[in-house]
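**Student:** Show me how the following folds:
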Amino acid sequence: VVPRAYRRAGQPASAPDLTALLAERLIDYRAVVHRASAATAADVLAATLRDRGVQTVIVPDGFPLTLLAATAVQAISDDGLSTAELDRYPATVSTCAVAIAETGTIVLDGGAGQGRRALSLVPDYLLVVIRASQIVANVADGVAAVRADRPLTWISGPSATSDIELQRVEGVHGPRTLDVLITD
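**Tutor:** So this is what the prediction gives:
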């Protein structure tokens, strides 16, 4: 019998600050991480979109529109936009189901504020809002936190591949640019 020391859901985290570990991992993946309190989240989101030059965003059903109150962007509700229509818009904003600190992974399950998979895969820019309470230590905790009966999208940084002549190419099968706003 080979001894196994797999980490299980609910085991104590090796890092005391899961938010800092998640941010560190996301930055390693070339995502840009912003931090904000609940009171400043709308302003930080507005500044982030403004600094990126985003003027139009696709908003999934259930996204907290109060976060867009400070922006000057045009919010387009996703009411079944075709892939071609999604491709005409530069950006999507989203919430998430859970974020995994150890791997720097954001998991979307199509729930409120997240929308369907195409919203996170077609536009070139994705901004995900994560509440600190949604951050878990490891993959086992992340799997335990999501519903298995929903389509899951696991995001670890901007979409990229190094398969083409061993050169990193971003945006091949998902957003070219990923911003993350962590709120408390």
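**Student:** CA only for contacts and neighbour counts going forward, please
**Tutor:** Will do.
**Student:** For Ala20, grab the count of nearby residues.
**Tutor:** Applying other C-alpha atoms under 10 Å, we find 12 residues neighbouring Ala20.
**Student:** before we move on, which element is it in?
**Tutor:** Assigned by DSSP states H and E, Ala20 belongs to helix 18-28.
**Student:** Going by neighbour count, which residues in stretch 82-95 are buried?
**Tutor:** Using 16 or more other C-alpha atoms under 10 Å as the test for burial, stretch 82-95 gives Leu86, Asp87, Tyr89, Pro90, Ala91, Thr92, Val93, Ser94, Thr95.
**Student:** Please apply the same query to stretch 61-70.
**Tutor:** Asp61, Phe63, Leu67, Leu68.
**Student:** So the first one versus Ile27, what's the distance?
**Tutor:** Distance of Asp61 to Ile27, given as C-alpha to C-alpha, to the nearest Å: 28 Å.
**Student:** what bridges to the residue nearest the centre of the chain?
**Tutor:** Nearest to the geometric centre of the chain sits Val128, at 3.8 Å (C-alpha atoms, centre = their mean). On the basis of DSSP bridges, Val128 is bridged to Ser94, Val180.
**Student:** Tell me where the chain has strands.
**Tutor:** 32-36, 56-59, 74-77, 91-94, 98-100, 105-108, 125-131, 135-136, 153-155, 160-161, 169-170, 177-183 (DSSP state E).
**Student:** so can I have a markdown table of those showing distance to Ala47?
**Tutor:** Formatted as a markdown table, the strands of the chain follow (distance: least, C-alpha to C-alpha, whole Å):
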| stretch | distance to Ala47 |
| --- | --- |
| strand 32-36 | 10 |
| strand 56-59 | 14 |
| strand 74-77 | 15 |
| strand 91-94 | 14 |
| strand 98-100 | 23 |
| strand 105-108 | 22 |
| strand 125-131 | 12 |
| strand 135-136 | 24 |
| strand 153-155 | 23 |
| strand 160-161 | 26 |
| strand 169-170 | 24 |
| strand 177-183 | 11 |
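**Student:** tell me, which of the ones you listed is the model least confident about?
**Tutor:** Lowest mean pLDDT within the strands of the chain: strand 169-170, a mean of 53.
**Student:** returning to what we had before: just name the closest of the buried residues of stretch 61-70 to Gly80, please.
**Tutor:** Asp61 (10.6 Å; C-alpha to C-alpha).
**Student:** which non-adjacent residue is nearest that closest one?
**Tutor:** In space, and not counting its chain neighbours, Asp61 is closest to Gly113: 5.6 Å by C-alpha to C-alpha, 6 or more residues apart in numbering.
**Student:** so that neighbour makes contact with Gly62?
**Tutor:** Yes - applying C-alpha atoms under 8 Å, one finds Gly113 in contact with Gly62, separated by 4.2 Å.
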